[in-house]
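Peer 1: Turn this into a structure:
(chains A and B)
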Amino acid sequence: MNAPERALSFLLDEDNAEQKITYAADTKVSNAGTFTINKEDHTVANLFRMQLLRDPNVRFAGYIHPHPLIHRIDLKIQTTSSTVPPVDCLTAAIEDLAGETDHLIEQTTNAISKWKKENQAGMGQFQ
Amino acid sequence: MPNQRFPKIEILSIEQHEIKFILSETDTSVANSLRRIMIAEVPTLAIDLVEFAENTTVLNDEYIAHRLGLIPIRYTSPDTLRASDCNGAFLPHRECVCFERCPRCSVEFELDVNFDQTVKERSVPEHERTLPFTVTSADLVSNHNSVEPAHFLHADEEGNSHDQGISIVKIGPGQHLKLKAIARMGISKEHAKWCPVAVATYRFYPIITINEEACARLTLEQKQELVDVCPDRILELDEVSGKLTVSEYAWEIATYTEDLKVAQDAMKEKPEDDDFVTVEHSTDRFIFSVEGTGAMDVEEVLMSSMRVLKERLQYLSQQLEQIREI
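Peer 2: Sure thing, here's the model as predicted:
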């Protein structure tokens, strides 16, 4: 009866003017802020966190996924200096990950065609 | 791009329904994202709406609708003739501009099985005329020539199986089932019926190191004991030189049990002595094993998962650009 709409786990709630990403600077800690990313989960949040931690400009990066039924993550970033805002770090991290994914797609395509070439004999059953 | 990694992929085996590969030079977060996307975010087709015209079978409408939903639906791309990614060939129904549904966002299946009529047509022998038979996925007739129910995972299974396809309901004398089923594209975050994989896992590649110096102090019996204590047979003892070696397929079978640790601790003179053999997880090498449901060839699932990830990252970076402007 009161079950939440299933599609709300991955589609933005446009009736309530939900934004994909919002940013709030930290009021107590300098060079820090929290990104709230709606309709995301550990899949990208952990990816961002690990990539951010590889960045020498990042002092702290962490996220919480408040509850399995709350489809939102809060990603907190603190940078080492005021010249590098957290937004820049996140943008760079996403760019790196996109580059990595591109590289992976290419690698996989090559690896699959290489494997098929080497194992032609066994490919009969796949037409 | 200052901190980009360049991961590598090595294929171990590919079959229509199963792929094994090693992902290396990246970290767990990437491996886990790929796994999670393959399970929950790769789009596939599945029956989502069912209109019943006649149902006098023993199962009620909802039950049959649920069973229909769980049948894997295969989209065969006309270009590659393989069970492939339906993203692009179809639109998610929420994004389609049509009022209710249209061929761009849905595929219709018809099913009409009447027991008495079927028995008559099949010319069943007199004494078997009242025996019930099974309505299967093979009775579903699609209105799209490259979309069909995946009755079997692959050709071998079809050859060996005694069944006609995936059972929907058993039907008896006087019973009739007539319905129209509408398949739509979706992801398994909404419902597990859209999941293209049965199993998607990764394991850490083992790093097995043998401390030759420490091993030199062991007797042959002690070494043999170390070999025997591993339930996964990752060690071998060379009879001639009396040296411990790592077996050839150790990376495939290592299970990281505690037995080795316990056994070698008992052989040490002092507890703080170096280990004779250590087995550790590597942090940048993963052995993936993915099995499909039949809806898509698994290599396509893998490729599709990466495309999904790429699109997501592009979308998020666009959104981030917007808040930067504010």
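Peer 1: what about residue B:274, neighbour count?
Peer 2: Residue B:274 has 10 neighbours, counted by other CB atoms under 10 Å in any protein chain shown. In this view, the C-beta of every residue, glycine as well, is placed from N, C-alpha and C.
Peer 1: Helices of the stretch 151-300 of chain B, residue ranges please.
Peer 2: For the stretch 151-300 of chain B, the helices defined by DSSP state H, counting those that start in this stretch occupy B:155-160, B:212-215, B:220-229, B:250-253, B:259-267, B:298-325.
Peer 1: err, chain A, not the other one
Peer 2: A:42-53, A:86-118 (DSSP state H).
Peer 1: Count the neighbours of residue B:159 for me.
Peer 2: Around residue B:159 there are 9 other residues, counting by other CB under 10 Å.
Peer 1: Name all residues that make contact with residue B:74.
Peer 2: Residues counted as contacts of residue B:74 (CB atoms under 8 Å, 6 or more residues apart in numbering or on different chains) are B:45, B:83, B:147, B:148, B:149, B:150, B:294, B:295, B:296.
Peer 1: hmm, who's touching the helix or strand harbouring residue B:48?
Peer 2: If you go by DSSP states H and E, residue B:48 is part of strand B:44-55. Applying CB under 8 Å, 6+ apart, the external contacts of strand B:44-55 come out as B:61, B:64-65, B:68-75, B:86, B:90, B:93, B:101, B:107, B:109, B:147, B:176-188, B:191, B:193-196, B:295-296.
Peer 1: Need the CA coordinates for the helix or strand immediately after that strand in the chain. PDB is fine.
Peer 2: Following strand B:44-55 in sequence order, the next helix or strand is helix B:61-69 (DSSP H and E). C-alpha atoms of helix B:61-69 as PDB (Å, rounded to 0.1, in the frame of the first residue of the first chain):
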ATOM      1  CA  ASP B  61      -3.600 -14.500 -13.400                       C
ATOM      2  CA  GLU B  62      -1.100 -12.900 -11.100                       C
ATOM      3  CA  TYR B  63       0.900 -16.100 -10.700                       C
ATOM      4  CA  ILE B  64       1.100 -16.600 -14.400                       C
ATOM      5  CA  ALA B  65       2.000 -13.000 -15.000                       C
ATOM      6  CA  HIS B  66       4.900 -13.300 -12.500                       C
ATOM      7  CA  ARG B  67       6.100 -16.500 -14.200                       C
ATOM      8  CA  LEU B  68       6.100 -14.800 -17.600                       C
ATOM      9  CA  GLY B  69       8.100 -11.900 -16.200                       C
END
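Peer 1: next structured bit after helix B:61-69?
Peer 2: Following helix B:61-69 toward the C-terminus (DSSP H and E): strand B:73-75.
Peer 1: what about that next one, average pLDDT?
Peer 2: Mean pLDDT, strand B:73-75: 95.
Peer 1: Check stretch B:114-129 too.
Peer 2: 88.
Peer 1: nearest to chain A, of the helices of the stretch 151-300 of chain B?
Peer 2: Among these, the nearest to chain A by CB to the nearest CB is helix B:298-325 (4.3 Å).
Peer 1: That closest one close to chain A?
Peer 2: Yes. Interface with chain A: helix B:298-325 contributes B:299, B:302-303, B:306-307, B:309-310, B:312-317, B:319-324 (CB under 8 Å from any CB of the partner chain).
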